[in-house]
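1. Mind looking at a prediction? Sequence and model below.
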Amino acid sequence: MTLVKPTTPHSSSGIFPVLNSLEISYARRLKEIFHGELPTGSLKEIRSLKIEFCSSLEGIFAFEDDEEMFNFQSLTELTLSTLPSFTGISKYISNGSEWLLEDISPEQSDIIIQPLFDTKVHFPVLTKVYIISLNLKEIWNSQLSAESFCELKYLGVTGCHKLLRLVPTHMQNRLQKLECIYTSYCSSLEEIFEFRRLTVDDEGDAAALTISESRNQSRQAFQNLREISIFSCESLRTLLSPSIARGLVKLQRLKIKDCEKIEEIVAAAEGEETEDDNLFPQLCTLTLEDLPNLSSFSQGRYNFKWPLVKDIKVLKCYNMKRFCLGSLSTPKEVKIDVQGASKSVLQVLNNSRNRI
């Protein structure tokens, strides 16, 4: 079932040319919303698109021609929620046949991954994205148009249990205006910011290798990110690489809760004995809660000078023996709450007061 199928794609009359907001809910038989190329001027004023609880929906667009594209020139907010059959923003239909991920053989399915966002649909002014309960392994195509997602400020992902990574390396410099990341209940999520890749040697053994990172690149990515909140992502082991951490110069709120495998927040840089950079200089609140395998905030010798921090909570982190290896400085007024962690963690935090 299709919601809209234009009969004359090159008509001068666009579809919904003055519509500001479109919400589709509980359309259980709907498989696609737009079929074929839309006339010029279609959806040119739409600013908010919300699609939820459509059990058969496979995509927003079904294109018949490989050259067809669409530009959401005014869309600023997109919500996709509880769409179990959704394979991507668009799909390609040729001679009445659909190319879908489920048509791939089991042997190919581990090699070919269909991202949520592809090269056919552009999002030049999108600022907020909410992705909830979708069966996807990847969010972003590596060949997106140059203007897409450069204005994104909020990224929220919940209940996507097949998702492996949130922000791959090819997206990191594109998301320079991102201000908030919220992720929860993504049981397979291994990385928020990709900094490891899986390689297979000649004998078929897999190994994780750290992707090379430069200090100059780290200064460019995520320099406007102010909040990171991660809840119930049980496969996550490390939150930030050293490169990404150095770039978070405006981070104010960091909250990690109920991630049972996470071992450290900032990974140690290989081969570095000391680090002069001050990480997270604008941090205001830090919450680490119910992280049973967390051994420390960081094993790297970094400086954590936090003159603006007001609240630090470390709760039910039973394996945490130390807070960090580097230096820590906080103001006298900071509120510190440590429960379910080593006494040395509380001691280090208390001793950090008045060092600014």
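-> Thanks, I have the structure now. Numbers count the residues shown, from 1 in each chain.
2. helix, strand or coil for residue 146?
-> Look at residue 146: counting by DSSP: H, G, I helix; E, B strand; the rest coil, its state is coil.
3. Count the neighbours of it for me.
-> Other residues within reach of residue 146, judged by other Cβ atoms under 10 Å, total 8. Glycine gets a C-beta too; all of them are placed from N, C-alpha and C.
4. now do residue 239
-> Other residues near residue 239 come to 24 when the count uses other Cβ under 10 Å.
5. Please apply the same query to the one 5 residues further on.
-> Per other Cβ under 10 Å, the neighbour tally for residue 244 reads 23.
6. got a list of what it touches?
-> Contacts for residue 244 (Cβ atoms under 8 Å, 6 or more residues apart in numbering) come out as 172, 193, 195, 218, 221, 222.
7. Am I right that the third one is in contact with residue 243?
-> So the one you mean is residue 195. Yes: look at residue 195 against residue 243 with Cβ atoms under 8 Å: they come within range, at 7.1 Å.
8. On the pLDDT front, check residue 243 for me.
-> pLDDT for residue 243: 89.
9. Now for the chain, the helix or strand with the poorest mean pLDDT.
-> Of all helical and strand segments in the chain, the minimum by mean pLDDT, DSSP states H and E falls on helix 106-109, at a mean of 40.
10. Could you give the average pLDDT over the next helix or strand after it?
-> Downstream of helix 106-109, the next assigned helix or strand under DSSP states H and E is strand 121-122. For strand 121-122, mean pLDDT rounds to 96.
11. Give me the sheet partners of strand 121-122 and which way each runs.
-> According to DSSP bridges, the neighbouring strands of strand 121-122, each with its direction, are strand 70-71 (parallel).
12. Chain neighbours aside, what residue packs nearest to residue 179?
-> Leaving out its chain neighbours, the residue that sits closest to residue 179 by Cβ to Cβ, 6 or more residues apart in numbering is residue 153, at 4.6 Å.
13. That neighbour and residue 333: what is the separation?
-> To residue 333, residue 153 is 30 Å away according to Cβ to Cβ, to the nearest Å.
14. Can you pull the phi/psi pair for the residue nearest to residue 179?
-> Note on residue 153: its backbone torsions stand at phi -120, psi -30 [degrees, to the nearest 10].
15. now residue 229
-> With angles defined as degrees, to the nearest 10, residue 229 sits at phi -130, psi 120.
16. Quick one, grab the pLDDT at it.
-> The per-residue pLDDT reported for residue 229 equals 98.
17. ok, now the one 5 residues further on?
-> The model reports residue 234 with a pLDDT of 96.
18. if we can go back for a sec, please report the distance of the residue nearest to residue 179 from residue 123.
-> 13 Å.
19. who's more crowded, the two?
-> Using other Cβ under 10 Å, the more surrounded residue of residue 153 and residue 123 is residue 123, with 23 against 17.
20. Could you double-check that that one sits in contact with residue 70?
-> No: judged on Cβ under 8 Å, residue 123 makes no contact with residue 70 at a distance of 10.1 Å.
21. Ramachandran angles for the closest residue to residue 330 other than its chain neighbours?
-> Nearest residue to residue 330, sequence neighbours excluded (Cβ to Cβ, 6+ apart): residue 352, at 4.6 Å. When read as degrees, to the nearest 10, the backbone of residue 352 gives phi -70, psi -20.
22. surely residue 352 meets residue 331?
-> No: at 9.3 Å, residue 352 does not count as touching residue 331 under the criterion of Cβ under 8 Å.
23. the more surrounded of these two?
-> Neighbour totals were compared for residue 352 and residue 331, and residue 352 leads with 23 against 15 (other Cβ under 10 Å).
24. Are we agreed that residue 24 is in a strand?
-> Yes: counting by three-state DSSP, residue 24 is found in a strand.
25. Disregarding residues adjacent in the polypeptide, which is nearest to it?
-> Nearest residue to residue 24 in three dimensions, chain neighbours excluded: residue 51, at 4.9 Å (Cβ to Cβ, 6+ apart).
26. Where does the one you found sit: helix, strand or coil?
-> Residue 51 ends up strand, using three-state DSSP.
27. Look up the residues forming beta bridges with it.
-> The partner list for residue 51 in beta bridges (DSSP bridges) reads residue 24, residue 80.
28. Now do residue 74 against residue 41, distance only.
-> As judged by Cβ to Cβ, residue 74 and residue 41 stand 12 Å apart.
29. do residue 305 as well
-> Using Cβ to Cβ, we find residue 305 at a distance of 54 Å from residue 41.
30. now do residue 308
-> Separation of residue 308 from residue 41 (Cβ to Cβ): 48 Å.
31. And residue 328, by the same measure?
-> 57 Å.
32. Please apply the same query to residue 183.
-> Separation of residue 183 from residue 41 (Cβ to Cβ): 37 Å.
33. Of these two, give the one with the bigger neighbour count.
-> Using other Cβ under 10 Å, the more surrounded residue of residue 183 and residue 41 is residue 183, with 23 against 15.
34. Can you tell me the element the more buried one falls in?
-> Judged by DSSP H and E, residue 183 forms part of strand 180-184.
35. Can you list the helices and strands that that strand packs against?
-> Strand 180-184 sits against strand 154-158, strand 165-167, strand 227-231, with contacts defined as 3 or more Cβ pairs under 8 Å, 6 or more residues apart in numbering; DSSP states H and E.
36. one more time with 6 Å, if that's ok
-> Packing contacts for strand 180-184, counted by 3 or more Cβ pairs under 6 Å, 6 or more residues apart in numbering; DSSP states H and E, involve strand 154-158, strand 227-231.
37. No more questions from me, cheers.
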